[in-house]
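K.L.:
Give me coordinates for this.
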Amino acid sequence: IDPVVLIAGDVAQCDSPGAHLTAQLIKNLPYPVLAAGDLAYPNGTLEEFIRCYTPTWGVFKDRTYPVPGNHDYRTPGAAGYFAYFGDRAGDPTKGYYSFNLGQWHILMLNSNRELEPGSPQLTWLASDLLQHAEQCVLAVWHHPRFSSSKHGSDTRTQALWETLYRHGVSVLVTAHDHDYERFAAMNDVGERDDERGIRSFVAGTGGAALYQLKQRHPSSQAWQGESWGLLKLTLRPMGYDWEFLPVAGEKFQDAGSAQCVKRRPVKTN
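P.N.:
Numbering: from 1, shown residues only. Model (predicted):
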């Protein structure tokens, strides 16, 4: 059976029903949860995690793989986030890690720090990808390189994006903008590339108040800001299927399939 993951970020606002509604979806789906940052509002304190996140997504903590968002870092060093998730969040001085799931390699990255070429995270990332050169790869971090909503495309993550492209990563999922968006596969400079490009998704629909469309990116293929929900990815040996799962009572649908990028040897200097 091919593994499945459920992904969303921007989750637990105590005054919003959204996290309770998305948790109802997760409750009925026994798959790993990839939590894409901004998990307890507004400041990512341990108290906010306990009060807002524990009653909803906290029920599934033992199958959750998180990355931190900017709200989690409003507490210095994201101390509340790292205290809450413990070993599941990786080394608290890093906030990034990787693991294998079926025949896929999963990268959980920290878009809040160490984003420059040559930084420890970028150096680790290139090395990690070289060690898993035969596998399809999915990456998750918080701030989208490309987005059509409130915060828009974040150029600070360009070196991460370029590294993924150079190493033949197939899929990136981010959050930060509270909506759902799917892009065509794109190359290192954001131009359409159906053969080697990265297909990216924004899945900031975990429960926080939703955003509206700002300026539609030319490579955006699907967008909605009306429904909370989850991105479900089925990780096949040579490809993947995506499906947006809206919360109860909502109708938005987006689903499809694609092949993994054919990985090529990467020249190292």
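
K.L.:
Check this structure for its longest helix and report it.
P.N.:
For the chain, the helix that runs over the most residues, judged by DSSP state H, is helix 120-131.

K.L.:
buried residues in that one?
P.N.:
Using 16 or more other C-beta atoms under 10 Å as the test for burial, helix 120-131 gives 121-122, 124-126, 128-129. The C-beta positions use only the backbone N, C-alpha and C, and glycine is treated the same way.

K.L.:
Report the distance from that helix to the chain centre.
P.N.:
18 Å (C-alpha atoms, centre = their mean, to the nearest Å).

K.L.:
Kindly report the same for stretch 221-236.
P.N.:
For stretch 221-236, the separation from the chain centroid amounts to 11 Å (computed by C-alpha atoms, centre = their mean).

K.L.:
average model confidence for it?
P.N.:
For stretch 221-236, the mean per-residue pLDDT is 95.

K.L.:
where exactly do the helices run in the stretch 151-269 of the chain?
P.N.:
158-166 (DSSP state H, counting those that start in this stretch).

K.L.:
count of residues packed around the closest residue to Arg216 other than its chain neighbours?
P.N.:
Excluding its sequence neighbours, the residue lying closest to Arg216 (C-beta to C-beta, 6 or more residues apart in numbering) is Ser148, at 4.8 Å. The tally of other residues near Ser148 (other C-beta atoms under 10 Å) stands at 23.

K.L.:
so Ser148 sits right up against Tyr211, yeah?
P.N.:
No - Ser148 is beyond contact range of Tyr211, at 9.9 Å (criterion: C-beta atoms under 8 Å).

K.L.:
Find residues that contact each of the two.
P.N.:
Shared contacts of Ser148 and Tyr211, defined by C-beta atoms under 8 Å, 6 or more residues apart in numbering, comprise Asp177.

K.L.:
Next secondary structure element downstream of the longest helix of the chain?
P.N.:
Sequence order places strand 136-140 as the next helix or strand after helix 120-131, per DSSP states H and E.

K.L.:
Just give me how far that following strand sits from the chain centre.
P.N.:
9 Å.

K.L.:
can you state the direction angle for the longest helix of the chain and strand 136-140?
P.N.:
For helix 120-131 against strand 136-140, the angle by axes from the mean of the first three to the mean of the last three C-alpha atoms, to 10 degrees is 160 degrees.

K.L.:
May I see the buried residues of the lowest-mean-pLDDT helix or strand in the chain?
P.N.:
Within the chain, no helix or strand scores below strand 220-224, which has a mean of 93 by mean pLDDT, DSSP states H and E. Within strand 220-224, the residues scored as buried using 16+ other C-beta under 10 Å are 220, 222-224.

K.L.:
And for stretch 244-253?
P.N.:
Per 16+ other C-beta under 10 Å, stretch 244-253 contains these buried residues: 244-247, 252.

K.L.:
so where's this structure shaky on pLDDT?
P.N.:
Applying pLDDT under 70 to the chain picks out residues 152, 154, 267-269.

K.L.:
Strand partners (parallel or antiparallel) of the least confident helix or strand of the chain?
P.N.:
When sheet partners are counted by DSSP bridges, strand 220-224 sits next to strand 180-183 (antiparallel).

K.L.:
And the helix or strand His105 falls within, what does it pack against?
P.N.:
Secondary structure assignment for His105, by DSSP H and E: strand 104-108. Strand 104-108 sits against strand 64-67, strand 97-101, helix 120-131, strand 136-140, with contacts defined as 3 or more C-beta pairs under 8 Å, 6 or more residues apart in numbering; DSSP states H and E.

K.L.:
With distance to Pro32 as extra columns, can I get those in CSV?
P.N.:
Shown next, in CSV, are these (distance: least, C-beta to C-beta, whole Å):
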stretch, distance to Pro32
strand 64-67, 6
strand 97-101, 7
helix 120-131, 19
strand 136-140, 11
